[in-house]
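Undergrad: starting from these lines, generate the structure:
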Amino acid sequence: MKAALTMLLVSGAVAADAKMNFVFSFPDTLRAESYNSYGLKVPGVSPNLDAFAAEGTRFAQAHVMHTQCSPSRCTMLTGRYMHISGHRTQTHLVQDYEQNYFRILKDHGYYVKWYGKNDALSAESFNLSVSEWKGSIGYPSGSNAFSYPEAGYFSFLSTGSSVPGNSTQCADYDGVVDAVNWMKNSPPEPFLIFLPSRGAHPPYGAPSGWHTKFSPEDVKKYVSLRPRNIPGMPVYMGYENGIPHWRNLSTLSDDTFYKIQSVYLGMIAYTDWIFGELLKGIEESGLKDRTAVFFSSDHGDFGGDYGLVEKWPGSLADVLTHVPLVARIPGGVAGHVSLAPVQTADILETMLDLAGITDPFVRFATSFKNIVMNGTEGDMSRFVYSEGGFHFQNAIDIESGECTKKCPTGLYCPRGKEEAQPGNNGSPRATMIRNNTAKLVYRPTGVSELYDLLNDPRETKNVYLSPDYASLRNELTVSLMDWLVLTSDVTPVKQDSRGPPKYPYPIGPDPWSAISPTDYLTINGVISDEDF
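TA: Residues are numbered from 1 along each chain as shown. Modelled structure (predicted):
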């Protein structure tokens with residue numbers, strides 16, 4: 001058996017003098033627990049990812065470094081936590097003076113091809129980091145299932161679309177079709193293909209056949225949504241001044257939230273089908289034996305749990321931080337499950353390691369090459385970290401302003417109003433430290449959280465103020481302080497002359513001129529059926 005395994009590893013390995021290709025599928029808004037291989041009992045949601053995991057390594061505890069689209073991607077692509085570089089809002093992206101993993105790969109000969117949404121790089125950074133890109137993202141969701149201003153209008157629940165999922169009018173699918181065709185036509189190697197698609201980003205509505213794939217009744221047989229309005233939880237979760245209040249969700253029935261959950265699972269199933277088409281395309285291209293494939297997401301979704309919808313920039317709940325992560329590497333192990341905690345930036349660090357690339361750029365990711373190649377467990381004692389929320393008024397004004405400009409009927413209007421509350425009461429800053437047994441979320445100006453994950457893995461009992469957990473709270477608080485001190489700043493690679501520049505010194509073009517207005521639905525790939 002050992003000899004057979006050795007033969008398998010050698011036969012699938014990339015030639016020593018060649019760098020392997022990378023394909024990174026990164027759909028938006030996928031929480032780990034909504035996949036069958038992560039424990040979901042609803043049958044048939046994710047057959048392609050489950051089969052893919054059997055060919056590689058599945059990471060049971062992968063967490064994002066932020067729970068919003070742009071900050072999560074910025075932290076992942078730089079390997080630096082948000083408190084280092086300040087990528088706290090949706091419109092403060094990685095700049096040309098900042099190093100990032102894609103830029104390192106491109107500088108070392110990789111052809112970097114990007115299909116999908118941005119929410120990561122400034123215009124100048126794109127030119128430095130990506131060889132070619134196309135903004136293929138999204139699919140139609142139908143219309144709002146409720147009329148304004150009735151309760152439920154701001155729940156993001158849609159009617160579903162009449163457009164079939166295999167239509168190239170669905171840009172998530174079209175992007176994969178383009179990528180596969182490109183791989184089949186003698187692409188430059190080595191390459192990295194990045195596919196950041198809409199995935200299951202709200203509104204909750206999917207193409208024809210997928211929107212109703214799972215009924216609420218079927219979901220109820222296997223899923224028990226987390227309770228609503230739990231005492232002792234952060235303000236954003238409550239009826240009084242939280243998401244249910246601002247989105248007018250508190251009077252909705254449990255059946256409505258199970259409908260949201262069922263449609264969300266349909267969106268995941270559709271995304272899983274697209275991923276299956278990508279895998280078939282890689283095999284048909286003849287590149288499978290020299291192409292490593294990674295699958296993950298930027299954050300999860302409430303999906304009706306706690307009586308909540310979408311995500312929240314100040315929330316660090318597991319349904320938002322815990323994402324699927326599966327990797328298949330030529331010559332690597334198959335069917336391995338790693339229980340050790342990892343973070344999404346580790347994916348890019350592993351790519352560098354697999355490519356044999358070193359760089360002096362300081363970052364805080366850890367390669368999991370040894371895990372995927374040799375089937376080791378990883379660091380079971382590791383803490384992972386995530387951050388969110390706002391404190392300074394400029395960030396609050398930017399975030400809330402993007403949401404409120406389409407009030408009163410814009411779906412993000414309530415979120416903007418909540419974030420703009422006086423006294424920083426909307427989404428106060430928060431920092432998370434977590435391992436496999438316990439989790440602390442510290443909010444200096446809000447309700448902090450502590451969970452005993454061994455006895456409360458679904459995070460329904462906040463024991464932060466419990467005397468029985470004082471020792472654990474203090475221990476995690478000290479560990480959090482250690483982390484903040486050790487990661488609080490980094491020394492740039494580039495050095496500057498201490499003398500003055502030659503006078504006069506020419507002024508370059510305005511780096512902010514490429515900023516354009518943001519529409520939260522359009523940027524996340526929500527396509528109207530009326531566009532077709």
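
Undergrad: all the helices of the stretch 151-300 of the chain, residue numbers only.
TA: Per DSSP state H, counting those that start in this stretch, the stretch 151-300 of the chain carries helices over the ranges 171-183, 216-222, 243-246, 254-284.

Undergrad: now do the buried residues in the first one.
TA: Using 16 or more other Cβ atoms under 10 Å as the test for burial, helix 171-183 gives 171-180, 182-183. Using the backbone N, CA and C atoms, a C-beta is placed for each residue, glycine as well.

Undergrad: distance to residue 380 for those - can I get that in a markdown table?
TA: Conversion of the buried residues of helix 171-183 to a markdown table gives the following (distance: Cβ to Cβ, whole Å):
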| residue | distance to residue 380 |
| --- | --- |
| 171 | 40 |
| 172 | 36 |
| 173 | 39 |
| 174 | 42 |
| 175 | 37 |
| 176 | 36 |
| 177 | 41 |
| 178 | 41 |
| 179 | 36 |
| 180 | 38 |
| 182 | 40 |
| 183 | 37 |
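
Undergrad: about what we covered before: nearest to residue 505, of the helices of the stretch 151-300 of the chain?
TA: Smallest distance to residue 505 across these (Cβ to Cβ): 42.6 Å, for helix 171-183.

Undergrad: let me know the average pLDDT across that closest one.
TA: Per-residue pLDDT over helix 171-183 has a mean of 97.

Undergrad: and that helix, how far from the chain's centre?
TA: With Cα atoms, centre = their mean, to the nearest Å as the basis, the distance from the averaged C-alpha position of helix 171-183 to the chain average is 21 Å.

Undergrad: that helix to helix 254-284, inter-axis angle?
TA: For helix 171-183 against helix 254-284, the angle by axes from the mean of the first three to the mean of the last three Cα atoms, to 10 degrees is 10 degrees.

Undergrad: what packs against helix 171-183?
TA: With contacts defined as 3 or more Cβ pairs under 8 Å, 6 or more residues apart in numbering; DSSP states H and E, the secondary structure elements packing on helix 171-183 are strand 111-115, strand 139-140, strand 191-195, helix 254-284.

Undergrad: direction included, what does the second one pair up with?
TA: Okay, so that is strand 139-140. Sheet pairing for strand 139-140, assigned by DSSP bridges, gives strand 526-527 (parallel).

Undergrad: quick one: residue 394 from residue 287, how far?
TA: Remark: distance between residue 394 and residue 287 (Cβ to Cβ, to the nearest Å) = 46 Å.

Undergrad: mind checking which of those two has more residues around it?
TA: Neighbours were tallied for residue 394 and for residue 287 using other Cβ atoms under 10 Å; the higher tally belongs to residue 287 (19 against 10).

Undergrad: quick one: that one and residue 36, what's the gap?
TA: For residue 287, the distance to residue 36 (Cβ to Cβ) stands at 27 Å.

Undergrad: from the buried residues of helix 171-183, pick the one nearest residue 72.
TA: Using Cβ to Cβ, residue 172 is the member of those that sits closest to residue 72, with 18.5 Å.

Undergrad: which residues does residue 417 contact?
TA: The contact partners of residue 417, taken as Cβ atoms under 8 Å, 6 or more residues apart in numbering, are 246, 400, 403-404, 407.

Undergrad: which residue sits closest to residue 306, ignoring its sequence neighbours?
TA: Using Cβ to Cβ, 6 or more residues apart in numbering and skipping residues adjacent in sequence, the residue nearest residue 306 is residue 226, 5.0 Å away.

Undergrad: which ones are touching the one you found?
TA: If you count contacts by Cβ under 8 Å, 6+ apart, residue 226 has them with 305-306, 319, 458-460.

Undergrad: whichever of those residues end up buried, select them in ChimeraX.
TA: Command for ChimeraX, covering only those of these found buried under the criterion 16+ other Cβ under 10 Å:
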select :305,306,319,458,459
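
Undergrad: just curious, which of the contacts of residue 226 is nearest to residue 274?
TA: For those, the residue nearest residue 274 by Cβ to Cβ is residue 319; the value is 22.6 Å.

Undergrad: before we move on, back to that, ramachandran angles for the residue nearest to residue 306?
TA: phi -60, psi 150 (degrees, to the nearest 10).

Undergrad: tell me the helix or strand right after the helix or strand hosting residue 400.
TA: Using DSSP states H and E, the element containing residue 400 is helix 393-404. Read in the C-terminal direction, the helix or strand following helix 393-404 is helix 413-419, with elements assigned using DSSP H and E.

Undergrad: so where is the stretch 351-500 of the chain shaky, pLDDT-wise?
TA: Residues of the stretch 351-500 of the chain meeting the criterion pLDDT under 70: 423-424.

Undergrad: can you rerun that using 50?
TA: By pLDDT under 50, the stretch 351-500 of the chain has no low-scoring segment.

Undergrad: all helices of it, in order?
TA: Listed in chain order, the helices of the stretch 351-500 of the chain (DSSP H, counting those that start in this stretch) span 369-374, 393-404, 413-419, 470-486.

Undergrad: please work out how many residues are found near the closest residue to residue 472 other than its chain neighbours.
TA: Once its chain neighbours are removed from consideration, residue 472 has its nearest residue in residue 438; the separation is 5.9 Å (Cβ to Cβ, 6+ apart). Using other Cβ under 10 Å, the number of residues around residue 438 comes to 20.

Undergrad: same question for the one 5 residues further on.
TA: Residue neighbour count, defined by other Cβ under 10 Å, stands at 20 for residue 443.

Undergrad: flag every buried residue along stretch 229-241.
TA: Neighbour-count burial for stretch 229-241, with 16+ other Cβ under 10 Å as criterion, is recorded at 230, 233-238.

Undergrad: how close does residue 396 get to residue 404?
TA: 11 Å.

Undergrad: so what sits against both of the two?
TA: Residues within reach of residue 396 and of residue 404 at once, by Cβ under 8 Å, 6+ apart, are residue 420.

Undergrad: circling back: now list the buried members of the contacts of residue 417.
TA: Buried members of those, scored by 16+ other Cβ under 10 Å, are 246, 400, 403-404.

Undergrad: pick the one among the residues you listed closest to residue 68.
TA: For those, the minimum distance to residue 68 (Cβ to Cβ) is 12.0 Å, reached by residue 403.

Undergrad: dump the residue contacts of the closest one.
TA: 410, 412-413, 415-417, 419, 520.

Undergrad: ok, so of those, who is nearest residue 57?
TA: Where the contacts of residue 403 are concerned, and distances follow Cβ to Cβ, residue 57 has its nearest neighbour in residue 520, at 34.6 Å.

Undergrad: noted, bye for now.
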